[in-house]
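>>> what shape does this take:
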Amino acid sequence: MTHYGAKDIAAAFRTVRNNTIKIAEEIGEEHYGFRATPETRSVRETLVHIFHIPDFPYEMHGVRKATSLAGFDFMGFITPRLADEKAPHSKAEVLKKLADGRDLFASWVEGLSDEFLGESMNLPPGAQPATRTRFDMLLSVKEHEMHHRGQLMVIERMIGLTPHLTRQMEAMRAQMAAQAQAAKS
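Just a heads-up that it's a prediction; the model follows:
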């Protein structure tokens, strides 16, 4: 039986992060302060937030190898990262952070064993579910990034850009239509 393991998580994370980096490259630095609404993160803040998404899972699973989140000072951990979102990072700094973070996190994940990924972690009292596997928690890093990348793709539309994944799909459809037309001729 084949299954989705550490190397698959790492490869999928690299793909997701590469697509995020492409968006970050295509949005002009003059739009990095753009917000869809006043109460949402700016493009820059969203990209820095994305950079920090792997921090918590790496701390819990890589550094502490924790088996429980009970008593963990999440706000103490996250507060400096929230402050970093507000820092005046240049586009070049953001791109470097995203690329460096991709390489560090994916390299670490791909070396994890199936046994380690299968271990359960107890969540804080009252959380539902009460436990999650390390596999599930590490997979959620990619899912969290994709959520924010979707927001960035909407912002691209708002500032007049067509997202690269949309352009790729449109090119593929045009090629398929041309091939179908040629086959009829």
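
>>> mind naming the longest helix for the protein?
What stands out as the longest helix in the chain, according to DSSP state H, is helix 134-158.

>>> buried ones in that one?
134-135, 137-139, 141-142, 144-145, 148-149, 152-153, 155-156 (16 or more other C-beta atoms under 10 Å). C-betas here are computed from N, CA, C, even on glycine.

>>> just the strands in this structure please.
Chain-ordered strands for the chain, with DSSP state E as the definition, fall at 120-122, 131-133.

>>> tabulate these (a markdown table), appending mean neighbour count, mean pLDDT and distance to residue 62.
Putting the strands of the chain into a markdown table (neighbours: other C-beta atoms under 10 Å; pLDDT from 0 to 100; distance: least, C-beta to C-beta, whole Å) gives the following:
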| stretch | mean neighbour count | mean pLDDT | distance to residue 62 |
| --- | --- | --- | --- |
| strand 120-122 | 16 | 95 | 13 |
| strand 131-133 | 15 | 95 | 15 |
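
>>> redo these as JSON lines? Include distance to residue 177.
Listed next are those as JSON lines, based on distance: least, C-beta to C-beta, whole Å:
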{"stretch": "strand 120-122", "distance to residue 177": "49"}
{"stretch": "strand 131-133", "distance to residue 177": "44"}
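
>>> among those strands, which comes closest to residue 47?
Closest approach to residue 47 among the strands of the chain (C-beta to C-beta): strand 131-133, 26.8 Å.

>>> next one: that closest one to chain centre, how far?
The gap between where strand 131-133 is centred and where its chain is centred comes out at 20 Å by C-alpha atoms, centre = their mean, to the nearest Å.

>>> identify the bridge partners of residue 35.
Per DSSP bridges, the residues bridged to residue 35 are residue 42.

>>> how far away is it from residue 154?
Between residue 35 and residue 154 the distance is 12 Å, computed by C-beta to C-beta, to the nearest Å.

>>> ditto for residue 94
Counting by C-beta to C-beta, the separation of residue 94 from residue 154 is 19 Å.

>>> now do residue 168
Going from residue 168 to residue 154 by C-beta to C-beta gives 18 Å.

>>> and if you look at residue 62?
Noted for residue 62: a distance of 32 Å to residue 154, by C-beta to C-beta.
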